[in-house]
Each structure stands twice: as structure tokens, then as C-alpha cells.
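S.K.: need a 3D model of the sequence below.
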Amino acid sequence: MDLYKKIDDNLYVIYTGPEPCEDYINSYLLVSSLKKAVIIDPGPHNSTDKIYRVLKELGLEKSLELIIPTHVHLDHAGASARLAKLTGAAVIAHPRGIPHIKDPRNLWEASRKVQGDIIDTYGRPDDGENIELLEAKDMSILVLDDIELKILHTVGHASHHISILWISRSLLFTGDSAGIYLPEIDVVLPTTPPPFRYEAYMESLKKMIHEKPKTLAYTHKGVRIDREFLTKHYEQMETWFNILISMDDNSLNDTKYIKMKIAEKDLFLRKYLEMSEEKDCVINKANLEMTFKGFIEEIKRIKSL
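M.R.: Residues are numbered from 1 along each chain as shown. Predicted coordinates:
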């Protein structure tokens, strides 16, 4: 497949997923009228060269000013430090995420425990000791020429998550704060790996809904023009929660049963489960299993309070 797609003169999608799931990770390249550039979610470490190749092809390798990972999970932020070293760009991230960009050792070890060997396809991030690291403050506005970006702290999926609103275009880069979008079947699914926090996730969704974005740009994996999709995902999350919280302990240990019961109420999950497995990316399959694991663990935690 192509390495990138031009949406218009100011916005590009770069496909930074590992083989055979290249389009599973969308890195977004924003270009100002004066040819200054921003990368949102640079993707995994092993895909740094892909982004740099695109920047060179577009004549922007010396014009990259900001690298903004929505959070520091390896598939979103692993390329941050190396790309910053190649280009001289600053990295701006949630205050909780900055220590992990500076020194990724603990993040790498924790990721191995949660995701297993799949992280080897992403690659171990470079340390960020000698790059410019800036805090992304909640509700702050970043200005680069005619690009104005509003930072929203949107925790729940992760305690170090932000989403970014391109104000003039009413375009929200959601990261993993609003689920995973599968354009081939036009559905959104939760992304709730452990340690997931339901209440924080829902408050973050309310925060994004309040901004009334017209367009949603998902890192996984595409752009959806429909502000109601955020509301649909909010209702989907409520459905999952209400079904799971009503289950006994035995049922909560049966993922196959859980999928069946949720699919009875959630059209999006039902459409996904009806899709032939051969059509789904192996990484998405693994992430969906982590989604159920995180959601179930959070339900058990809430029930134990």
C-alpha cells in the first residue's frame, strides 16, 4: 500500500503500522500555510523512517516544529524521541507521559507484561534525554502560523492521554480516547486495556462531545465526518458497562459469553464479530482481547469497592 495519503494541502495521513497492518496506525501530518509542520501520533519506533521519508519527499524534513503523541503507548509515541533527534522538533505530551519519553525503560517492561511479544514489532523507543520536551497543559492553545490546536486532557484509556482539536477545521484527533474506528465496516469499538478507568473515560468523552467537533481523526484507523459518532460511542460504553456490571463472577471469567451478550445489544460489536477474521489485522485482534480484559478488570474493581 502507499506510504501516505494526501487529504488536502494542509493534512496528510502517514501509515505507520507494522506489516501486515500498515494502515492500523495513522500518523497525521499537519502543514501550515507557511510550510511549518506538526506530527500527531508519530507511531512506533520502527516506523520512524517511514515518517522521515514522507517529510523528505514533501520537503518538510527541516520544517517539523512539533511532535504530539496523544499518549505514550508504544504504537502512538514510540517514534517520538528518534524523530525529534532527526528533525530538531520539540515533543509535547501529557505531563504524566513526559518521564516515559525521557526514559522509556519502565514503559517498555510494562508493555511487555501487558502485550507480550507484539511489542517487538513496534520496537523499543530511543531515550529522550537530549530532546526538547514540553508539557501539554489541559485546555491550552498551541499556535503554529495559521494552525491553532486546543489540548484536551482525555484520560481513562490511559492516565497520560490527550486529544487535540484543530480549531479552525473542527477536527478532533482522538488518539485512543474515543475508541478504535474500523472504516471497512464503519464501526467504533472501545479500546480499554488495563489499567482502564471507566468513570474517567466517560468524563473525557463528555469533554470531547462538548467541543462539538465535526470530524474525528482516529489513530486507529481513519477519519470519520460525523460529530454524533462520539455520542454513539458514549452510549456504547454505557451499554457495555451495564451488561458487565450485572454479571456474576463466573460470567465475568467467560469472554466468549461476554462477547455474545454484548453483541445482542451493541450493533457495532455484532458487525465486527460477523466480519471474517481474515479481514481483520492481527494487531487489532490482540488489542480487542486487551479491551475486554481491561473492561472486565475495571468492572471487578468497581464491584469490590
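S.K.: distance between the ends of stretch 169-184?
M.R.: One end of stretch 169-184 sits 24 Å from the other (C-alpha to C-alpha, to the nearest Å).
S.K.: what residue ranges in the chain score low on pLDDT?
M.R.: 276-278 (pLDDT under 70).
S.K.: pick out the residue nearest the middle of it.
M.R.: When C-alpha atoms, centre = their mean is applied to the chain, the residue found nearest the centroid is residue 175 (2.8 Å).
S.K.: chain neighbours aside, what residue packs nearest to that one?
M.R.: residue 70 (2.7 Å; C-beta to C-beta, 6 or more residues apart in numbering). To be clear about C-beta, it is placed using only N, CA and C from the backbone, and glycine gets the same treatment.
S.K.: ok, that neighbour - contacts?
M.R.: Counting by C-beta atoms under 8 Å, 6 or more residues apart in numbering, residue 70 makes contact with 40-41, 76-77, 161-164, 173-177, 219.
S.K.: residue 59 too?
M.R.: residue 35.
S.K.: before we move on, which element is it in?
M.R.: Under DSSP states H and E, no helix or strand contains residue 59.
S.K.: now it: how far from residue 31?
M.R.: 10 Å (C-beta to C-beta, to the nearest Å).
S.K.: likewise residue 262?
M.R.: The value you get for residue 262 to residue 31, if C-beta to C-beta is used, is 41 Å.
S.K.: next secondary structure after the helix or strand harbouring residue 239?
M.R.: Taking DSSP H and E as the definition, one finds residue 239 inside helix 228-245. Sequence-wise, the next helix or strand downstream of helix 228-245 (DSSP H and E) is helix 249-252.
S.K.: one step back: how near is the residue nearest to residue 175 to residue 250?
M.R.: 37 Å.
S.K.: kindly report the same for residue 86.
M.R.: Taking C-beta to C-beta, one finds residue 86 at 52 Å from residue 250.
S.K.: so for these two, which sits in the more crowded spot?
M.R.: Neighbours per residue (other C-beta atoms under 10 Å) separate residue 86 from residue 250, with residue 86 holding more: 16 against 8.
S.K.: now do the SS call for that one.
M.R.: helix (DSSP: H, G, I helix; E, B strand; the rest coil).
S.K.: equivalent analysis for residue 120, please.
M.R.: Per three-state DSSP, residue 120 ends up helix.
S.K.: tell me how far it lies from residue 18.
M.R.: 9 Å.
S.K.: show me which of the two is the more surrounded one.
M.R.: residue 18 (21 against 12).
S.K.: please report how far the residue nearest to the more buried one when sequence neighbours are not counted lies from residue 287.
M.R.: Spatial nearest neighbour of residue 18, chain neighbours left out: residue 121 (4.1 Å); criterion: C-beta to C-beta, 6+ apart. For residue 121, the distance to residue 287 (C-beta to C-beta) stands at 13 Å.
S.K.: quick one: which of those two has more around it?
M.R.: residue 287 (21 against 18).
S.K.: was I right to think that one contacts residue 182?
M.R.: No. Contact criterion C-beta atoms under 8 Å: residue 287 and residue 182 do not qualify, at 11.4 Å.
S.K.: all helices of the stretch 151-300 of the chain, in order?
M.R.: Using DSSP state H, counting those that start in this stretch, the helices of the stretch 151-300 of the chain run over residues 198-211, 228-245, 249-252, 255-265, 267-274, 282-304.
S.K.: what about stretch 185-204, how long is it end to end?
M.R.: Span of stretch 185-204 from end to end, C-alpha to C-alpha: 25 Å.
S.K.: now tell me what touches stretch 210-222 from outside.
M.R.: Residues contacting stretch 210-222 (C-beta under 8 Å, 6+ apart): 17, 23-28, 40-41, 70, 75-76, 150, 152, 165, 169-176, 178-183, 188, 191, 223-227, 229-230, 284, 287.
S.K.: now do it: distance to the chain's middle.
M.R.: Centroid separation for stretch 210-222 versus its chain: 11 Å, with C-alpha atoms, centre = their mean, to the nearest Å.
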